[in-house]
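Student: Quick one, what's the 3D model for this:
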Amino acid sequence: MMERHDATPFTLAACAEMLFYDLPITERVRRIDALGFQVEIWDWTRHDIQALERTGATFSSMTGYIEGALADKEGADRLVQTARESITVAKQLGIPRLNLHGTGLDGKGLPVKPASQVSGAMWIRAHDTLNRLADLGEEHGVTFVLENLNTVVDHPGVPFARAEDVLELVASVERPEVRMMLDLYHAQIGEGNLIELLRRSAPYIGEIQVADVPGRCEPGSGEIHYPAIARALNDMGYRGTVGLEGWASEEDELALQRFKDAFTL
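Tutor: Numbers count the residues shown, from 1 in each chain. The predicted structure is shown next:
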């Protein structure tokens, strides 16, 4: 059985889409919850929401749209429309953060509307779209979080993927209803210099996601020294959620233990 520790200043969450993969989703949620973690889900349209609600788990985040894109008119309208639908589900499950990407992703994580270059007009449209989403967030008491992705390994062709781009967009909107979902796995592949990135992003972080590189497994399985990340976050006063969005390199409970250990000070 996994040992329990209480010496972490952060709220820890784990992604039910990537752990206990041999179980139905509701059982995955129950296992993660029973081990003391909040739970992340992705596309809510693939799940029985009433069944998830009956688990009694505390959910940290979910995908905040069904279709759409930040940077073209038709895509933005669809993004806002499906974000409104997603808010209803988020409220039902008590989910405070709804995750966004630069454009919709298909089942393989590839962009529905790839962009090799991002024009000035696209930046302006993305800024406008995030403001529209901030209005929704203010109305309904939820936060939209824009996630950085890597385009080298997992998500080639996604616009606004770099953490620097996400930071610039979120800072330009400057509203508490739009924050960063700062994924350190993606940032390590695309940019590196993680602690300095955290310091610059600190005022705009809504949640932090982690996994190690290479392999996208739990902390301790790769090259990122996550105990140093945890100390830096603590030193800068971060008290929010850190979510494991990664696979288990061995046993799922062991992966969660290693994750928890890395963020126990």
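Student: residue boundaries of the helices in the stretch 151-265 of the chain?
Tutor: In the stretch 151-265 of the chain, the helices defined using DSSP state H, counting those that start in this stretch lie at 163-173, 184-190, 194-201, 226-235, 252-262.
Student: Need those helices in a markdown table (columns: mean neighbour count).
Tutor: For every residue, glycine as well, the C-beta is placed using N, CA and C. Below are these laid out as a markdown table (neighbours: other C-beta atoms under 10 Å):
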| stretch | mean neighbour count |
| --- | --- |
| helix 163-173 | 20 |
| helix 184-190 | 24 |
| helix 194-201 | 17 |
| helix 226-235 | 17 |
| helix 252-262 | 21 |
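Student: Any chance of CSV for those helices, columns distance to residue 26 and mean pLDDT?
Tutor: Listed next are the helices of the stretch 151-265 of the chain as CSV, based on distance: least, C-beta to C-beta, whole Å; pLDDT from 0 to 100:
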stretch, distance to residue 26, mean pLDDT
helix 163-173, 32, 97
helix 184-190, 26, 97
helix 194-201, 34, 98
helix 226-235, 29, 98
helix 252-262, 16, 98
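Student: Quick one: these as a markdown table, columns for distance to residue 212 too.
Tutor: Below are the helices of the stretch 151-265 of the chain laid out as a markdown table (distance: least, C-beta to C-beta, whole Å):
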| stretch | distance to residue 212 |
| --- | --- |
| helix 163-173 | 17 |
| helix 184-190 | 7 |
| helix 194-201 | 12 |
| helix 226-235 | 7 |
| helix 252-262 | 9 |
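Student: of all those, which lies closest to residue 214?
Tutor: helix 184-190 (8.3 Å; C-beta to C-beta).
Student: residues making contact with the closest one?
Tutor: The contact list for helix 184-190 (C-beta atoms under 8 Å, 6 or more residues apart in numbering) reads 147-155, 161-163, 194, 197, 208-213, 216, 223-224, 229, 245-246.
Student: From the residues you listed, list the buried ones, please.
Tutor: Those of those that meet the buried threshold are 147-151, 154-155, 161-163, 194, 197, 208-213, 216, 224, 229, 245-246, by 16 or more other C-beta atoms under 10 Å.
Student: From one end of stretch 42-56 to the other, what's the distance?
Tutor: 18 Å (C-alpha to C-alpha, to the nearest Å).
Student: Hmm, I typed the wrong one, I wanted stretch 190-203.
Tutor: 21 Å.
Student: how distant is it from the center of its chain?
Tutor: Centre-to-centre, stretch 190-203 and its host chain are 16 Å apart (C-alpha atoms, centre = their mean, to the nearest Å).
Student: For beta bridges, what are the partners of the residue nearest to the spatial centre of the chain?
Tutor: Centroid check for the chain by C-alpha atoms, centre = their mean gives residue 181 as the closest residue, at 4.8 Å. Taking DSSP bridges as the rule, residue 181 bridges to residue 147, residue 207.
Student: Low-confidence ranges, this structure, go.
Tutor: 1-6 (pLDDT under 70).
Student: Which parts of it are strands?
Tutor: Secondary structure of the chain, counting by DSSP state E: strands at 11-15, 38-40, 59-63, 97-100, 143-147, 178-183, 205-210, 241-244.
Student: Quick one, which of those strands gets closest to residue 79.
Tutor: Across the strands of the chain, closest to residue 79 is strand 97-100 (C-beta to C-beta), at 7.8 Å.
Student: partner strands of that closest one, parallel or antiparallel?
Tutor: Strand pairing for strand 97-100, using DSSP bridges, gives strand 59-63 (parallel), strand 143-147 (parallel).
Student: neighbouring contacts of that strand?
Tutor: Contacts of strand 97-100 (C-beta under 8 Å, 6+ apart): 60-65, 70, 79, 83, 86-87, 90, 133, 137, 142-147, 179, 181, 206-207, 241.
Student: Residue 224 reaches residue 214, doesn't it?
Tutor: No - with contact defined as C-beta atoms under 8 Å, residue 224 does not count as touching residue 214 (10.3 Å).
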